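Trainee: sequence first, then the predicted structure:
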There are 2 protein chains.
Amino acid sequence: MSKKNAFYAQSGGVTAVINASACGVIETARKHKDKIGKVYAGRNGIIGALTEDLIDTTKESAKAISSLRYTPSGAFGSCRYKLKSLEANKREYERLIEVFRAHNIGYFFYNGGGDSADTCYKVSQLSEKLGYPVQAIHVPKTVDNDLPITDCCPGFGSVAKYIAVSTLEASFDVRSMAKTSTKVFVLEVMGRHAGWIAAAGGLVEDHGIPVVILFPEIEFDQKKFLAKVNAMVKKHGYCSVVVSEGCHYPDGKFLAEQGTRDAFGHAQLGGAAPVVANMVKDALGYKFHWAVADYLQRAARHIASKTDVDQAYALGKSAVELAIKGQNAVMPTVDRISDKPYKWKIGVAPLSKVANVEKFMPRNFITPDGFGITDKCRTYLSPLIKGEDYPPFKDGMPQYVSLKNLAVPKKLAGFKI
Amino acid sequence: MSKKNAFYAQSGGVTAVINASACGVIETARKHKDKIGKVYAGRNGIIGALTEDLIDTTKESAKAISSLRYTPSGAFGSCRYKLKSLEANKREYERLIEVFRAHNIGYFFYNGGGDSADTCYKVSQLSEKLGYPVQAIHVPKTVDNDLPITDCCPGFGSVAKYIAVSTLEASFDVRSMAKTSTKVFVLEVMGRHAGWIAAAGGLVEDHGIPVVILFPEIEFDQKKFLAKVNAMVKKHGYCSVVVSEGCHYPDGKFLAEQGTRDAFGHAQLGGAAPVVANMVKDALGYKFHWAVADYLQRAARHIASKTDVDQAYALGKSAVELAIKGQNAVMPTVDRISDKPYKWKIGVAPLSKVANVEKFMPRNFITPDGFGITDKCRTYLSPLIKGEDYPPFKDGMPQYVSLKNLAVPKKLAGFKI
């Protein structure tokens, strides 16, 4: 068997540690030059494969590649692009094979979430269905922590740490000001369907902070919510609210969709945080502040969890090792061995069981009243934010790497996506 | 002369390093027990003095006090409460004297911004005007960096570092996604009148990031702004926008005041970021994301500037040393000796020249088009974010201190504020 090259791509929303997985893939492939040729990265994810826009990672120095470990975002560009089924869009799969064949690619490493696992799974079937031999391995990544089988997803631990630390810090601020000023602080966090990120805000309770969590898994009940906030403020003098962007009413309408109009009558895209904050103000009269963390939370490599970085790297490394062992249609996973002390190892899951399955917060991770996290949840979350892994700084700024990202010369005609 | 006690209070919006100043005041006073008795802290700022709600800091261990150096927020509580003039509210000043006399207080350390400097100045005149001997020293603090004479204000360097780092990280994220998704990221930052904080976003240009800054000092021109963003996206594929909450139209109306109404017809308190983001979407059609940092920025001790922490501590320490030297009605300042290498020393300013004076961005710190910072500004800002000073972490969370804050027994009748 002639030595095949590898294709690696980043998919969907990027994270603080997806490049750590890229680092794991590339460094490990470089250690096995007898088995794997060059690693080509797709510029802007799978689009790079379809358009034959490949980046030659061999042009990057060992130092640059190792710097990926502490650089947030997607170093090769990502995309939101889901391949349709083989039946619905055979043309795209045939193009992939054309590109793989032209560049002698036999390994497909796809770094993404649930949708991407589905794409990876489809690519893994190319061998059987279209006769082109390729091994497809999925490298898990998602801040939403909603992939099945794996105990957690790289990217989540760091965003959880960011939310826990930020909620703690902002709550200390509110506590200072509550006597004459702000009494309620509202922080909006990511998570359209699963409340894992919001749950991380609950970790501040261990630090004596009164906090109310609004999960997408729990239908929003305004009356109960306001009563909860009022009780907290009456008891503690202040409280913090962590609201998931996916929090919604029983009819499915998101809190952020208030039918708000601007001065020109345009529908105004708001956030859940200002809606919740104004609700508190209108009903209870408390002075408030609100923040929307948005990209800051998933990009915050400066406060990444060491556990998360280590796992992201290990999963990238394992993906290559699985490929070398001849595996196809699998995803390396994080398997939890014990909570205290926290121990984990790498496992393997078949992609058929990962693709298109979403993992929500178990109900017993949420308190009976729906506004907090249980000890079970705390036991799950705590180890994931453990450890700091600061990037190097120079003149006060983190020294994140921007790669050269040189293109592999094209061999084929263009392709319209 | 009998040994007098000291009063210390935190005033106005708190910061990531105001407790470092408290640490400087208390540790230095403890080193001069021959000159200064106990340090009493006002619970919730000056309100604590008026209501005789004093905290006995001697009940706190040396370890707890030293932990203030790395704990954000106001450990004794702050307040937004400005004393009127002596003529307008003599009753409050007489009450202060009553409390000071009852607790043998001869030193007044007030840790705050412009309004607080005014209060401190008024207290400094009590000796002359009402015959009670007290030395009042102001300890500067404000994330807005808008106090005169001092080269910078404690609290600003850390918020500037937070904004620069966050803008860099979020911009890396947008750059990754721009091909098929978000092309414009908008971050709203504090600074109602002065654009110092927004300016810090401009530091990412050194890292190759295209950024547009909207300052409160520059009247907002929608057409020019949209043209600038469009040019940036056309050239780089994406851009980031840092908008000050104080950004406003020529008629003084803030961007955030769009006359927006919610479903019930209530005026909706929005933010400048969603307004700007929707403007970009409507005019240019680019997909956007927006974040509002709010309290997260001024509370973010985890990414504080070491320079800022050192200066905050030094100013607290110097305040006590000035008091021991018999000074009154002064504020220690940061005096810049040189830019490269950055050197600074502590100076002294008379409070009469500090109170109620606001320092804006000089026009030559802003580029001619009004959307960026100049090299002069960069030279000013860069050293202020220099150095990291991480708090200790345990189990993934910073170990910020919450003091016991035990009350000094009251000796007087109540007082209604």
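Mentor: Looks like it arrived, so ask away.
Trainee: just the strands in chain A please.
Mentor: All strands of chain A, identified by DSSP state E, fall at A:4-10, A:36-42, A:54-56, A:105-112, A:135-140, A:184-189, A:211-214, A:239-244, A:288-292, A:330-338, A:343-350, A:393-394, A:397-398.
Trainee: now those as JSON lines including mean neighbour count?
Mentor: Bear in mind the C-beta positions are built from the backbone N, C-alpha and C, glycine included. Formatted as JSON lines, the strands of chain A follow (neighbours: other CB atoms under 10 Å in any protein chain shown):
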{"stretch": "strand A:4-10", "mean neighbour count": "26"}
{"stretch": "strand A:36-42", "mean neighbour count": "25"}
{"stretch": "strand A:54-56", "mean neighbour count": "23"}
{"stretch": "strand A:105-112", "mean neighbour count": "27"}
{"stretch": "strand A:135-140", "mean neighbour count": "28"}
{"stretch": "strand A:184-189", "mean neighbour count": "29"}
{"stretch": "strand A:211-214", "mean neighbour count": "25"}
{"stretch": "strand A:239-244", "mean neighbour count": "29"}
{"stretch": "strand A:288-292", "mean neighbour count": "26"}
{"stretch": "strand A:330-338", "mean neighbour count": "20"}
{"stretch": "strand A:343-350", "mean neighbour count": "16"}
{"stretch": "strand A:393-394", "mean neighbour count": "13"}
{"stretch": "strand A:397-398", "mean neighbour count": "21"}
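Trainee: now mean pLDDT and distance to B:N19 too, for the ones you listed, in a markdown table please.
Mentor: Converted to a markdown table, these look like this (pLDDT from 0 to 100; distance: least, CB to CB, whole Å):
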| stretch | mean pLDDT | distance to B:N19 |
| --- | --- | --- |
| strand A:4-10 | 98 | 41 |
| strand A:36-42 | 98 | 46 |
| strand A:54-56 | 98 | 47 |
| strand A:105-112 | 98 | 42 |
| strand A:135-140 | 98 | 40 |
| strand A:184-189 | 97 | 19 |
| strand A:211-214 | 98 | 22 |
| strand A:239-244 | 98 | 19 |
| strand A:288-292 | 95 | 20 |
| strand A:330-338 | 98 | 38 |
| strand A:343-350 | 98 | 37 |
| strand A:393-394 | 98 | 23 |
| strand A:397-398 | 98 | 25 |
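Trainee: those strands: which one's closest to chain B?
Mentor: strand A:288-292 (3.7 Å; CB to the nearest CB).
Trainee: what comes into contact with the closest one?
Mentor: A:170, A:174, A:182-188, A:271, A:273-274, A:276-278, A:280-281, B:271, B:273, B:290-296 (CB atoms under 8 Å, 6 or more residues apart in numbering or on different chains).
Trainee: how's chain A carved up into domains?
Mentor: Per automatic domain parsing, the structural domains of chain A span A:4-141+A:303-357+A:388-398, A:156-299.
Trainee: returning to that earlier point: now distance to A:C23 too, for the strands of chain A, in CSV please.
Mentor: CSV is the format used below for those (distance: least, CB to CB, whole Å):
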stretch, distance to A:C23
strand A:4-10, 11
strand A:36-42, 11
strand A:54-56, 15
strand A:105-112, 11
strand A:135-140, 11
strand A:184-189, 27
strand A:211-214, 34
strand A:239-244, 30
strand A:288-292, 30
strand A:330-338, 15
strand A:343-350, 16
strand A:393-394, 19
strand A:397-398, 16
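Trainee: picking up where we left off before, worst mean pLDDT among the domains of chain A?
Mentor: The stretch with the lowest mean pLDDT among the domains of chain A is domain A:156-299, at a mean of 92.
Trainee: ends of that one, how far apart?
Mentor: In terms of CA to CA, to the nearest Å, the two terminal residues of domain A:156-299 are separated by 11 Å.
Trainee: now do stretch A:70-87
Mentor: Using CA to CA, first and last residues of stretch A:70-87 are 40 Å apart.
Trainee: how far off centre is it?
Mentor: Put simply, stretch A:70-87 sits 12 Å off its chain's centre (CA atoms, centre = their mean, to the nearest Å).
Trainee: from A:A293, how far out is A:V348?
Mentor: Here the distance between A:V348 and A:A293 works out to 34 Å (CB to CB, to the nearest Å).
Trainee: and for A:D146?
Mentor: For A:D146, the distance to A:A293 - CB to CB - is 18 Å.
Trainee: same deal with A:E128?
Mentor: Taking CB to CB, one finds A:E128 at 44 Å from A:A293.
Trainee: okay, these two: which has more neighbours?
Mentor: More crowded of A:E128 and A:A293, by other CB atoms under 10 Å in any protein chain shown: A:A293, with 29 against 11.
Trainee: quick one: contacts for the more buried one?
Mentor: A:Y162, A:I163, A:S166, A:L187, A:E188, A:V189, A:M190, B:A291, B:L296.
Trainee: you'd agree A:S21 is up against A:Q311?
Mentor: No. Counting by CB atoms under 8 Å, A:S21 does not reach A:Q311; the two are 9.0 Å apart.
Trainee: so what sits against both of these two?
Mentor: A:P154.
Trainee: show residues contacting stretch A:86-101.
Mentor: A:7, A:49-50, A:52, A:54, A:83-84, A:105-106, A:108, A:122-123, A:125-126, A:129-130, A:132, A:134, A:412, A:415, A:417.
Trainee: from the chain's centre, how far out does it sit?
Mentor: For stretch A:86-101, the distance to the chain centre is 28 Å (CA atoms, centre = their mean).
Trainee: cool, and stretch A:316-328?
Mentor: 22 Å.
Trainee: ok, now stretch A:188-201?
Mentor: Distance, centroid of stretch A:188-201 to centroid of chain: 11 Å (CA atoms, centre = their mean).
Trainee: same check, this time on stretch A:187-202
Mentor: 12 Å.
Trainee: now that stretch: buried residues?
Mentor: A:187-191, A:194-202 (16 or more other CB atoms under 10 Å in any protein chain shown).
Trainee: among these, which two are most distant?
Mentor: Maximum pairwise distance in these, criterion CB to CB, is 17.4 Å, between A:L187 and A:A194.
Trainee: now A:V14: phi and psi?
Mentor: Backbone torsions for A:V14, taken as degrees, to the nearest 10, come to phi -80, psi 170.
Trainee: quick one: it from A:P72, how far?
Mentor: Distance from A:V14 to A:P72, by CB to CB: 7 Å.
Trainee: quick check: neighbours shared by these two?
Mentor: With CB under 8 Å, 6+ apart as the test, A:V14 and A:P72 both reach A:A299, B:D173.
Trainee: orientation of the lengthiest helix in chain A relative to strand A:330-338 in degrees?
Mentor: Criterion DSSP state H: the longest helix present in chain A is helix A:156-177. Angle, helix A:156-177 to strand A:330-338, by axes from the mean of the first three to the mean of the last three CA atoms, to 10 degrees: 50 degrees.
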